[in-house]
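Q: Take a look and give me a structure for this.
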Amino acid sequence: MALDNIRLEVMQTVEKSVDGFIDKYLIPVEEIWQPTDLLPNLQNENYMDEIVQIREEAQELGYDFWVVLVADMVTEEALPTYESWLMDMEGVEQHGASHGKQNGWARWIRQWTGEENRHGDTLNKYLYLSGRVDMKEIEKTTQYLINDGFDIGTGRDPYKNFVYTSFQELATNISHKRVGQLAKKKGNKMLAKMCSVIAGDEMRHHLAYREFVKVIFDYDPSEMMLAFQDMMKKKIVMPAQFIRESGDDIATAFENFSNAAQRLGVYTTYDYIDILKKLNDYWEIDKFTSLTDDAEKARDYLMALPDRMTRIAGRISIPQDQHQFKWVAANGRL
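A: Presented below is the predicted three-dimensional model:
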């Protein structure tokens, strides 16, 4: 369904500021870190010492940790799905650099993708060198996730997509940061640094996407409020919601991964609630006036939602049984 003229006009208006957002929130290729900066350089004579160190330090990390790290990596590696989804948003026109001036939104999405692409590369190489996981099973899972695609409930609507990315980028920041902290506690400085710098990228991206939404609120507050409500009613699903292991259907893998993340305290229901509170506060949804009746109701719903979710969260118990993933099964229960 095509967007109404007002939304397209808003997208075109905000697009004029995209170059400023790129300069503020993204880092030029020649200046940003690359995976090789964080991994053993195989051109150096002492590369084997560094690989041995990775493998020794990897022995200290437990079963749930590896499950979460693998799922985080696979999520990052499914990047082609996310780029193609965002490039299909209303208001984005796909022209390459050779075609003359690119559409601002397409330019943002491509450069954002270029930054995100480094995350999967880094974690993939670390997992491969660690010797603690079954890489072929992980590779199958990644291919399945790209094959299966995903549906985050946004359609081609940029308002809903930007709510999703504002939320999701902060969620991935939290997850990578906590995984890095756990690695550091176990003395694994190399992995801790990887996760920390990846988390830093995710935070920059979060700050950008929440800014897009804030600007849209200035131009079209009622429709933006309704889009925000719609996404929170559907619940923000993680990009890896359809993750699966070889031979399985798309049913249980994500739930089992999510349970492992909650047991570790890497990403919990309370983190989800906290992100919603932060977005409510940053977008100052309590201060809008002249909203439509439906948007007023949406705002009331969003303001009340964190407390409602907190009450429900207190009644949810997390299964303590570890699911035996094929990704880590080759090493038994670590």
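
Q: what distance separates whichever helix in the chain runs longest from the centre of its chain?
A: The longest helix of the chain (DSSP state H) is helix 189-219. Offset of helix 189-219 from its chain centre (Cα atoms, centre = their mean, to the nearest Å): 9 Å.

Q: Quick one: distance of stretch 121-128 to the chain centre.
A: Centroid separation for stretch 121-128 versus its chain: 17 Å, with Cα atoms, centre = their mean.

Q: Now do the buried residues in that stretch.
A: Residues 121, 122, 123, 124, 125, 126, 127 are the ones in stretch 121-128 that count as buried (16 or more other Cβ atoms under 10 Å). Glycine gets a C-beta too; all of them are placed from N, C-alpha and C.

Q: Please work out the average pLDDT along that stretch.
A: Throughout stretch 121-128, pLDDT has a mean value of 96.

Q: So residue 189 versus residue 84, what's the distance?
A: 36 Å (Cβ to Cβ, to the nearest Å).

Q: contact partners of the least confident helix or strand in the chain by mean pLDDT?
A: Lowest by mean pLDDT, DSSP states H and E among the helices and strands of the chain is helix 326-329, with a mean of 79. Helix 326-329 has contacts (Cβ atoms under 8 Å, 6 or more residues apart in numbering) with 63, 66-67, 70, 132-134, 137-138, 141, 245-246, 334.

Q: List the contacts of the helix or strand harbouring residue 36.
A: Residue 36 is part of helix 35-38 when elements are defined by DSSP states H and E. Contact with helix 35-38 is made by 118, 121, 122, 125, 190, 193, 194, 197, as judged by Cβ under 8 Å, 6+ apart.

Q: Next, the angle from whichever helix or strand comes after that helix to helix 189-219.
A: Next along the chain after helix 35-38, taking DSSP H and E as the criterion, comes helix 47-58. On the basis of axes from the mean of the first three to the mean of the last three Cα atoms, to 10 degrees, helix 47-58 is oriented at 70 degrees to helix 189-219.

Q: residues in contact with helix 47-58?
A: With Cβ under 8 Å, 6+ apart as the test, helix 47-58 has contacts from 40-41, 44, 126, 129-132, 186-188, 190-191.

Q: for stretch 120-132, same thing?
A: Under Cβ under 8 Å, 6+ apart, the answer for stretch 120-132 is 35, 38-40, 51, 54-55, 58-59, 61, 66, 69-70, 72-73, 76-77, 79, 133, 135, 138, 190-191, 194, 198, 328, 331, 334.

Q: if you set the cut-off to 6 Å instead, what comes out?
A: By Cβ atoms under 6 Å, 6 or more residues apart in numbering, the list of residues contacting stretch 120-132 from outside reads 35, 38-39, 51, 54-55, 58, 73, 76-77, 133, 135, 194, 331.

Q: Now the buried members of these.
A: Those of the contacts of stretch 120-132 that meet the buried threshold are 35, 38, 39, 51, 54, 58, 73, 76, 77, 133, 194, by 16+ other Cβ under 10 Å.

Q: of the residues you listed, closest to residue 306?
A: Nearest to residue 306 among the buried ones among the contacts of stretch 120-132, counting by Cβ to Cβ, is residue 76 at 28.2 Å.

Q: Now do the same contact list for the closest one.
A: 119, 120.

Q: any idea how far it is from residue 267?
A: Distance of residue 76 to residue 267, computed by Cβ to Cβ: 14 Å.
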